[in-house]
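> no sequence for this one, just the structure:
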């Protein structure tokens, strides 16, 4: 089996080299940190050593051990690869690569140890006992590596010191957050906060750990203390809400859901305004919703018409403005949209983002639309999302209120006020996307 021992100046560099050598199937077998060079200990620099292998070869070796063939041997090739400052090295991939590698390594080590335990007699002796103990040591080493990485993310200064092992319950939750694509640094921050809050007995209680994690995640999500509704404004105008965002994120469907909730549940008088005269049948789609709800739809093609419509809607309690989707790369169209926003003077501008997009795309969208004063975020298509950690990462970075989330196409249902505890439950896997929607439908049926 091809095993390589890689040394580098930082853990991130070492993991990047491992990933480059073995690809997505890399598995870390052992890690250690030591100091090298200098004279009599002076001027020595910290070095990280990682021993890694190809996970596929590891699996094949495990199967061979389970059904050994007499007379066959396979040599073990062990080489060394060192990354030094000033030499060519692969680019650092610290945003998720390390977390993904740690998760796979821990899972492979756990499976390997379980296999060994199943094969080991009650009173193990000889080589099998040695192998089982070695695997246990390797798992402890992986956990210590994670603890050191989390420490470095919390304390960027000072010497590299060893830290106590992360308790199993908390470590498993850390891996679960990485699986949900919570940013590695953010997941480490949450784990450290929980470890600081709970004492030695509490930290091993799965229920207490889960509640503490949920609380800390919820604290990261800014939301409004509101339900769908409310029409009071400071300037006496109707509560004016504008939705903006890229094409295809579901702005028109979301506008229809909001209109239905204001009209049918809150018993408010509602006016709809659309600026989307570019998309084929976009006006017809919203007109259909308006006819069903019995509300007026105004079509606006330029900022001057927006001023006139604003005056005509003064008798309404709520004005909902739908806009045409804009590519975040189309600066002239974004500037045109900004002129509509200035004319409409909305009390709330909600940037609508799809939960199916990658973190890079979502953050790029937020940055491009920042020429417009955005104060709230809506996430749509949660029912189509593969993971929810990305949403937490984006909300954390953007620091805008999460106003609503949508969980399907059904109008007027499948929309919820943005709730921090709800997003925390999704990230931790405590709830399904349809949980709240199903409960809401049952309550309405009563």
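Here it is on my side, so go on. Owing to the predicted nature of the structure, the values given are computational and were not obtained by experimental measurement. Numbers count the residues shown, from 1 in each chain.
> can we go C-alpha only for contacts and neighbour counts from here?
Will do.
> Which elements pack onto the helix or strand containing residue 51?
Following DSSP states H and E, one finds residue 51 within strand 45-54. Packing partners of strand 45-54 (3 or more CA pairs under 8 Å, 6 or more residues apart in numbering; DSSP states H and E): strand 2-8, helix 11-22, strand 26-36.
> okay, these in a markdown table with mean pLDDT, distance to residue 336 and mean neighbour count next?
Formatted as a markdown table, the helices and strands packed on strand 45-54 follow (pLDDT from 0 to 100; distance: least, CA to CA, whole Å; neighbours: other CA atoms under 10 Å):
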| stretch | mean pLDDT | distance to residue 336 | mean neighbour count |
| --- | --- | --- | --- |
| strand 2-8 | 75 | 51 | 21 |
| helix 11-22 | 77 | 44 | 22 |
| strand 26-36 | 70 | 49 | 19 |
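> So for the strand holding residue 51, what gets flagged as buried?
Going by neighbour count (16 or more other CA atoms under 10 Å), the buried part of strand 45-54 is 46, 47, 48, 49, 50, 51, 52, 53, 54.
> returning to what we had before: any chance of the helices and strands packed on strand 45-54 in CSV with distance to residue 234 as columns?
Formatted as CSV, those follow (distance: least, CA to CA, whole Å):
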stretch, distance to residue 234
strand 2-8, 59
helix 11-22, 51
strand 26-36, 58
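> Quick one: closest of these to residue 310.
helix 11-22 (55.0 Å; CA to CA).
> could you give the angle of that closest one to strand 26-36?
Put simply, helix 11-22 runs at 140 degrees to strand 26-36, going by axes from the mean of the first three to the mean of the last three CA atoms, to 10 degrees.
> closest to residue 344 out of the helices and strands packed on strand 45-54?
helix 11-22 (48.9 Å).
> Taking strand 2-8 as reference, get the angle to that closest one.
150 degrees.
> give the contact list for the closest residue to residue 396 other than its chain neighbours.
Of all residues not flanking residue 396 in the chain, residue 220 sits nearest, at 6.1 Å (CA to CA, 6 or more residues apart in numbering). When contacts are counted by CA atoms under 8 Å, 6 or more residues apart in numbering, residue 220 touches 392, 395, 396, 420.
> swap in residue 222?
Applying CA under 8 Å, 6+ apart to residue 222 gives the contacts 395, 399, 400, 401, 402, 420.
> switch to 6 Å and redo it
Applying CA atoms under 6 Å, 6 or more residues apart in numbering, we find residue 222 in contact with residue 401.
> likewise residue 348?
Contacts of residue 348 (CA under 6 Å, 6+ apart): residue 241.
> Residue 324 belongs to a strand, doesn't it?
No: Residue 324 is assigned coil when assessed by DSSP: H, G, I helix; E, B strand; the rest coil, not a strand.
> Verify the contact between it and residue 273 for me.
No: Residue 324 lies out of contact with residue 273 (CA atoms under 6 Å); the separation is 11.4 Å.
> So which residues of the protein form strands?
2-8, 26-36, 45-54, 77-82, 239-244, 270-274, 296-299, 318-322, 348-354, 376-380, 401-406, 415-417 (DSSP state E).
> Out of those strands, which gets nearest to residue 360?
Per CA to CA, nearest to residue 360 of those: strand 348-354, 12.3 Å.
> ok and that closest one relative to strand 239-244, angle-wise?
30 degrees.
> tell me which of the buried residues of strand 45-54 is nearest to residue 204?
Using CA to CA, the buried residues of strand 45-54 come closest to residue 204 at residue 50, 29.0 Å.
> Just list whatever residues bridge to that closest one.
residue 6, residue 31 (DSSP bridges).
> Surely it touches residue 6?
Yes: here residue 50 reaches residue 6: they are 5.2 Å apart, a contact under CA under 6 Å.
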